[in-house]
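Novice: Provided below are the primary sequence and the corresponding predicted coordinates.
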Amino acid sequence: MCGIIGLINGDKSPYKAADIFQELLYVDALRGEDSTGVFRVSRTGRSVDIRKRAVNAAEFLDSKKSFNFVNNLGGYKFVIGHNRKATMGSVNNSTAHPFKYKHITMVHNGTITNKDELANGCDVDSLAICKSLADRGTDVTLKEIDGAYALIWYDAQLDSLFVTRNDQRPLHMAKLKNSDSIMIASEAAMLDLVANRNHVQIHEPQMIKVETLYEFNSTKTKPHVSTYFNEGTPYWKKPSYSPASNHGWHGYNAGGSQSPSYTSGFQYVSIQAVVWEPHPNNEHMGDMYCSSTWKNYEDADIVVKGVPKNLMLPSKEYRGRIVTLSNIGGQCKLELLWTDVSCTNRTIPVNEQFSRDEVYESIPSLKEEPKEEPDNIEEEEANAQYTQFTEADTLPMYQGPGLNLITRDAFDTFTKHGCSNCGCSLPHNESTNVRWDDYNNPFCSDCAELSHVKIRNLH
């Protein structure tokens, strides 16, 4: 998981651009602390400046050169920042974002599986996307990417900034009131927080449409919007959320497409794990197809992206923040990210639990490719077509995120990079001493007492 933030400075910009950008970069470090980088594009020409280092945002801005780089932004039309959580490639200054190749300067949040098909000789998948955009163009590249992405890049030949994403990564924009400037961040809450801290009023943050390309020319703030896939019309109006309601949700409309409209605050749903399917290139990571424990969404297709194997128990209720809500062909579909899901510790009664077969019957994408039941465990492990969990299969042994008990494999996956602050190893036999933040990042007991770590709401 990485984070992207940015500013599109309009001609009428009375706000403190430098303060807002620096605070967005600080907050975005929650999504990635391995590297930090920024690129800026001048108002007067097609000049692009880059500053990036393999440090977290706080250390990045402690550097005098980096601080000065983002301290006076009045002369720049576009300023884009990136906080990296390394998932592919080494961690050093050269693998930090942004990447620049020929006339393309780009940042990427996500992980793709076909980097060698996009460009040869790239250690980092994001660099492969950047090279493909420069050598083969936008249309070909976006249609060939296999994997998760939210992308922002500047094309010096066109003097335009491009913004897009697919359904596996979030990206939000918010226009400032009484201004033609725009704030960008991976999470809507980041925009609300930074705007409030700087006494700046913004319109409701909106998640950009999936598979839609937003082009901002340096002479215009209003984007040109175009789609590059036409496999369904997303429904973009989220229902409002009311804790006082029995199920929390109201206002869902299942018909037709609507212009983007968002309610304030987070949008949550309670879910039950049913079917886990591995990713093609990683048998230990996959997507979890779920049912909802809320009546209003009992018929919805629900999928949680990026779930480690054997981590969600089918007998437990989970609650997660919805990333996308769409209506394609009359079927409501919800998508969530594993990093935004937590266990409520409520055990679901047996008579309320859904079976794998019920979910397979309700989700066309699964029904089209029926899975044959294996004759034995060895065949199931060899085929790895799907995993149906039971309590015996997922025997919890170690304390993990949210203080949930998880398997050793899951614990080792979460802690493979050690403490998120000092990097020390975190042995599984000392799991009760490990502290976790809301983004499932682990910390050793010593670092958990540091002031800058305590503010991360550890548990």
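Specialist: Received, thanks.
Novice: Span of stretch 423-440 from start to end?
Specialist: 15 Å (Cα to Cα, to the nearest Å).
Novice: hmm, who's touching it?
Specialist: The contact list for stretch 423-440 (Cβ atoms under 8 Å, 6 or more residues apart in numbering) reads 1, 30-31, 339, 398-403, 408, 411-412, 414-415, 417-420, 442-445, 448, 456-459. Where C-beta positions appear, they are placed from N, C-alpha and C, glycine not excepted.
Novice: list the helices and strands the longest strand anywhere in the chain packs on?
Specialist: The longest strand of the chain (DSSP state E) is strand 331-347. When contacts are defined as 3 or more Cβ pairs under 8 Å, 6 or more residues apart in numbering; DSSP states H and E, strand 331-347 packs onto strand 268-279, strand 301-308, strand 316-328.
Novice: Please tell me how far that strand is from the chain's geometric centre.
Specialist: The chain centroid and the centroid of strand 331-347 are separated by 14 Å under Cα atoms, centre = their mean, to the nearest Å.
Novice: Likewise for stretch 115-132?
Specialist: How far stretch 115-132 lies from its chain's middle: 20 Å, per Cα atoms, centre = their mean.
Novice: That stretch spans what distance, first to last residue?
Specialist: Termini of stretch 115-132 sit 9 Å apart (Cα to Cα).
Novice: Just the buried positions in that stretch, please.
Specialist: The neighbour-count check on stretch 115-132 (16 or more other Cβ atoms under 10 Å) flags 115, 118-119, 122, 124-132 as buried.
Novice: pLDDT value on Asn327, please?
Specialist: With respect to pLDDT, Asn327 scores 65.
Novice: can you start the count at 386 instead of 1 from here on
Specialist: Okay, residue one is now 386; in that scheme the one you just asked about reads as Asn712.
Novice: picking up where we left off before, could you dump the buried residues of stretch 500-517 into TSV and include pLDDT?
Specialist: Below are the buried residues of stretch 500-517 laid out as TSV (pLDDT from 0 to 100):
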residue	pLDDT
Lys500	92
Leu503	94
Ala504	94
Cys507	90
Val509	89
Asp510	91
Ser511	94
Leu512	94
Ala513	95
Ile514	96
Cys515	97
Lys516	96
Ser517	95
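Novice: circling back to that earlier point, sitting in strands, which of the contacts of stretch 808-825 do you find?
Specialist: Mapping these onto strands (DSSP E) picks out Thr724, Tyr783, Gln784, Pro827, Phe828.
Novice: Look up the residues forming beta bridges with the last one.
Specialist: The reference is to Phe828. On the basis of DSSP bridges, Phe828 takes part in beta bridges with Arg820.
Novice: can you pull the contacts of it?
Specialist: Phe828 is in contact with Cys804, Ser805, Asn806, Val819, Arg820, Trp821, Asp822, Val838, Leu843, counting by Cβ under 8 Å, 6+ apart.
Novice: need the contact list for the spatially most central residue of the chain.
Specialist: Nearest residue to the geometric centre of the chain (Cα atoms, centre = their mean): Arg554, 4.0 Å. With contacts defined as Cβ under 8 Å, 6+ apart, the neighbours of Arg554 are Asn494, Gly495, Ala533, Tyr534, Ala535, Ser571.
Novice: is it fair to say it lies in a strand?
Specialist: No - applying DSSP: H, G, I helix; E, B strand; the rest coil, one finds Arg554 to be coil, outside a strand.
Novice: distance of it from Val659?
Specialist: 24 Å (Cβ to Cβ, to the nearest Å).
Novice: ok so, going back, is it possible to export the contacts of Arg554 to CSV including pLDDT?
Specialist: Shown next, in CSV, are these (pLDDT from 0 to 100):
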residue, pLDDT
Asn494, 94
Gly495, 91
Ala533, 90
Tyr534, 94
Ala535, 95
Ser571, 93
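Novice: of those, buried ones?
Specialist: Buried among these by 16+ other Cβ under 10 Å: Asn494, Gly495, Ala533, Tyr534, Ala535, Ser571.
Novice: quick one, what contacts Pro786?
Specialist: By Cβ under 8 Å, 6+ apart, Pro786 lies in contact with Ser727, Phe799, Trp821, Asn825.
Novice: got a winner among those for most neighbours?
Specialist: Counting neighbours by other Cβ atoms under 10 Å, Trp821 comes out on top of these with 23 neighbours.
Novice: Can you tell me the closest non-neighbouring residue to that one?
Specialist: Of all residues not flanking Trp821 in the chain, Pro786 sits nearest, at 4.6 Å (Cβ to Cβ, 6 or more residues apart in numbering).
Novice: What does Asp520 show for phi and psi?
Specialist: Here is the backbone geometry of Asp520 (degrees, to the nearest 10): phi -90, psi -30.
Novice: pretty sure it contacts Ala504?
Specialist: Yes - in this structure, Asp520 is within contact of Ala504 by Cβ atoms under 8 Å, at 7.1 Å.
Novice: that older thread, figure out which of the helices and strands packed on strand 716-732 is closest to Asp544.
Specialist: Smallest distance to Asp544 across those (Cβ to Cβ): 31.0 Å, for strand 701-713.
Novice: So which bits of the closest one are buried?
Specialist: Lys701, Glu702, Tyr703, Arg704, Gly705, Arg706, Ile707, Val708, Thr709, Leu710, Ser711, Asn712.
Novice: Which of those residues lies at the shortest distance from Asp577?
Specialist: Lowest distance from Asp577 to those (Cβ to Cβ) belongs to Arg706, with 13.9 Å.
Novice: On the pLDDT front, check the closest one for me.
Specialist: For Arg706, the pLDDT comes out at 75.
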